[in-house]
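Enquirer: Sharing a sequence plus its predicted fold:
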Amino acid sequence: MSVRRRAAALAITAVLCGTAAPAAFAAPSPTPSPSAKALPAGLYGTGDPTYDGVWRQSLAFLAQKIELVTPATKAVDWLVGQQCASGAFASYRDASRPCDAKTVADTNATAAAVQAMVELAVHREVVDNGVSWLKSVQNADGGWGYNPGSPSDANSTAVVAGALGRAGVPVADVTTEGGKTPYTALRSFALPCGDGAGAGAFAYQPDKDGKLTANADATAAAVIGAMGKGMAAGNSNAVKAPVCHTGDDLTAEQSAQNGAYYLAKTLAGSGHLDLPPMPGAEESDPQPDFGNTADAVVALAASGHKDKAAGAVAYLEKHAQGWAKKGGPAATAQLVLAAHATGADARDFGGTDLVRQLNATGPAPAATAVPSPTSSVPGKPADTSSDDGGLGLWWIIGIGLAFGAGIGFLLSGRRKNQQL
């Protein structure tokens, strides 16, 4: 989920170093965003949405849903209105004009929006149209790049695979003419097991010589994608020791477990991941990467290694609140997802109510269930929801609150979209 941070970093690097941006970012620039004062009323956050408007809105919805918060109708309508007739989403666009040849379609934004709509169980047409478009721009190697036609990368392929899986599409059946699947592409980014520091990890992309370099950000995304799960994946009931599987024909699950093995080993020391040094920057002490650490927590929990994520959760509770508040809805949502995946209390995460903080970045929610369904604090109810989106006690209560307040969009959406 750190692809937006990487995009910004690469853009800054290209300016500072005078070099061309990677192919994934070589498409025409999106229409400049309006000023913060002119931002649409339904949009979350006040920062420039040019590169992350759809992404941060989608993450906010995913985090709210698992905390039984019903977003405002105008917030959902804003996201729906960002979709092009083709089914694609741009990172952000002026929805008063139809999409045209200058609209830069974004596979990551599209996949995130599809996941958000699946979890909210509304506007199934948005899901179906988004899935159709994603299938239509699959690369010959079975994967996806950031924009259609750009080389496949692990992060983009993973988030699309997660969107397909959550939409009910068998990921292994999404094949190219040559029989390649998203799993084929993900395995091509996987480093083999061995004695090296990168054993079991995934690379973002091979370098110009075809060499793979371990990338924790790509690994966290690939673990989730290889399991066909979405970014709001809950924790697995299984608890097992991380194992790095060897062989030339690994299953998607084995590849995911290898990635989890790498993440567990990497987090075992400090309890957090570090930001990669900026190209050309002077050597300095590594800086913690809170967002990627949160993503790694979700990946470990979803793959059956919640115990290996405990140290990272404790680190995030102690150090990440300032980062999340400054980072806005997407950053706060990442911490909510990490808390949910491990059974921590998102409404008292190191003393911070992340749910309240997230809600405050957008329109007032239509309804909110209290207390947190993911709480592990004595005296508070435990999580009764399931990873497959099943209804739990507090979700039913949340629906009742929405009904009592006269908010009908969620109820009607669920009646119309029971196939989700």
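Expert: Great, that's in hand. Residues are numbered from 1 along each chain as shown.

Enquirer: Going by neighbour count, which residues of stretch 234-250 are buried?
Expert: Judged by neighbour count (16 or more other CB atoms under 10 Å), stretch 234-250 contains these buried residues: 234-236, 242, 244-245, 250. For glycine as for every other residue, the C-beta is placed from the backbone atoms N, C-alpha and C.

Enquirer: Also stretch 146-159?
Expert: So for stretch 146-159, counting by 16+ other CB under 10 Å, buried means 146-148, 150-159.

Enquirer: ok so, going back, with respect to Thr266, which of the buried residues of stretch 234-250 is nearest?
Expert: Pro242 (11.0 Å; CB to CB).

Enquirer: Now do the SS call for the residue lying closest to that closest one once chain neighbours are set aside.
Expert: Leaving out its chain neighbours, the residue that sits closest to Pro242 by CB to CB, 6 or more residues apart in numbering is Tyr261, at 4.0 Å. Secondary structure, DSSP: H, G, I helix; E, B strand; the rest coil: Tyr261 is helix.

Enquirer: if I pick Tyr261, what's in contact with it?
Expert: 193, 199-200, 242-244 (CB atoms under 8 Å, 6 or more residues apart in numbering).

Enquirer: Not including adjacent chain positions, what is the nearest residue to Pro206?
Expert: Spatial nearest neighbour of Pro206, excluding adjacent residues (CB to CB, 6+ apart): Leu212 at 5.5 Å.

Enquirer: Now do the same contact list for that neighbour.
Expert: Contacts of Leu212 (CB under 8 Å, 6+ apart): 189-191, 198, 203, 206.

Enquirer: Just the buried subset of these, written out for ChimeraX, thanks.
Expert: Entered in ChimeraX, the line below selects the buried ones among those, by 16+ other CB under 10 Å:
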select :189,190,191,198,203
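
Enquirer: Taking the contacts of Leu212 together, which two end up most distant?
Expert: Largest pairwise distance in those, by CB to CB, is 13.2 Å, between Gly198 and Pro206.

Enquirer: How much space separates Leu358 from Gln64?
Expert: Counting by CB to CB, to the nearest Å, the gap from Leu358 to Gln64 is 7 Å.

Enquirer: on that earlier part again, tell me how far the residue nearest to Pro242 lies from Asp100.
Expert: From Tyr261 to Asp100 the distance is 46 Å (CB to CB).

Enquirer: Then Lys180?
Expert: 31 Å.

Enquirer: do Val160 as well
Expert: Going from Val160 to Asp100 by CB to CB gives 24 Å.

Enquirer: When these two are compared, which one has more neighbours?
Expert: Val160 (31 against 7; other CB atoms under 10 Å).

Enquirer: what's near enough to touch Ala260?
Expert: For Ala260, counting by CB under 8 Å, 6+ apart, the contacting residues are 200, 223, 242, 299-300, 303-305, 308.

Enquirer: which one among these gets closest to Ala331?
Expert: Ala299 (17.4 Å).

Enquirer: Which secondary structure state is assigned to that closest one?
Expert: Strictly by three-state DSSP, Ala299 counts as helix.

Enquirer: helix/strand/coil for the nearest residue to it once chain neighbours are set aside?
Expert: Distances taken as CB to CB, 6+ apart place Val223 nearest to Ala299, at 4.0 Å, with adjacent residues excluded. Following three-state DSSP, Val223 is assigned to helix.

Enquirer: ok, Val223 to Ala190 distance?
Expert: Counting by CB to CB, the gap from Val223 to Ala190 is 11 Å.

Enquirer: before we move on, what about Gln205?
Expert: Gln205 is 13 Å from Ala190, by CB to CB.

Enquirer: what does Pro40 give?
Expert: Relative to Ala190, Pro40 is positioned 40 Å away (CB to CB).

Enquirer: With Gln57 instead?
Expert: 31 Å.

Enquirer: Output the below-cut-off pLDDT ranges for the stretch 301-420 of the chain.
Expert: 370-420 (pLDDT under 70).

Enquirer: Now do the strands in it.
Expert: All strands of the stretch 301-420 of the chain, identified by DSSP state E, counting those that start in this stretch, fall at 367-368.

Enquirer: What are the boundaries of the helices in it?
Expert: 310-319, 321-327, 329-342, 354-359, 393-404, 409-416 (DSSP state H, counting those that start in this stretch).

Enquirer: How many residues are close by the nearest residue to Ser188 once chain neighbours are set aside?
Expert: Leaving aside its chain neighbours, Ser188 sits nearest to Asp141 (6.6 Å; criterion: CB to CB, 6+ apart). Asp141: 17 surrounding residues under other CB under 10 Å.

Enquirer: what helix or strand is Asp141 on?
Expert: Taking DSSP states H and E as the definition, one finds Asp141 inside no helix or strand.

Enquirer: Report the separation between it and Asn258.
Expert: Distance from Asp141 to Asn258, by CB to CB: 20 Å.

Enquirer: Low-confidence stretches in the protein?
Expert: For the chain (pLDDT under 70), the answer is 1-37, 238, 278-284, 370-420.

Enquirer: now do 90
Expert: Within the chain, the stretches with pLDDT under 90 are 1-38, 194-197, 233-241, 247-249, 269, 275-286, 368-420.

Enquirer: What is the distance between the host helix or strand of Val127 and the centre of its chain?
Expert: Secondary structure assignment for Val127, by DSSP H and E: helix 124-136. Chain-centre distance of helix 124-136: 18 Å, with CA atoms, centre = their mean, to the nearest Å.

Enquirer: Packing partners of that helix?
Expert: Applying 3 or more CB pairs under 8 Å, 6 or more residues apart in numbering; DSSP states H and E, we find helix 124-136 packed against helix 107-120, helix 154-166.

Enquirer: which other helices and strands contact the shortest one?
Expert: Spelled out, it's helix 154-166. helix 3-17, helix 107-120, helix 124-136, helix 182-188, helix 216-226.

Enquirer: again, only using 10 Å
Expert: Under the contact definition 3 or more CB pairs under 10 Å, 6 or more residues apart in numbering; DSSP states H and E, helix 154-166 sits against helix 3-17, helix 53-66, helix 107-120, helix 124-136, helix 182-188, helix 216-226, helix 252-267.

Enquirer: Please apply the same query to the first one.
Expert: Secondary structure elements in contact with helix 107-120, counted by 3+ CB pairs under 10 Å, 6+ apart, are helix 3-17, helix 53-66, helix 73-81, helix 124-136, helix 154-166, helix 409-416.

Enquirer: run the last query once more with 6 Å
Expert: On a contact count with 3 or more CB pairs under 6 Å, 6 or more residues apart in numbering; DSSP states H and E, helix 107-120 meets helix 53-66, helix 124-136, helix 154-166.

Enquirer: All set, thanks.
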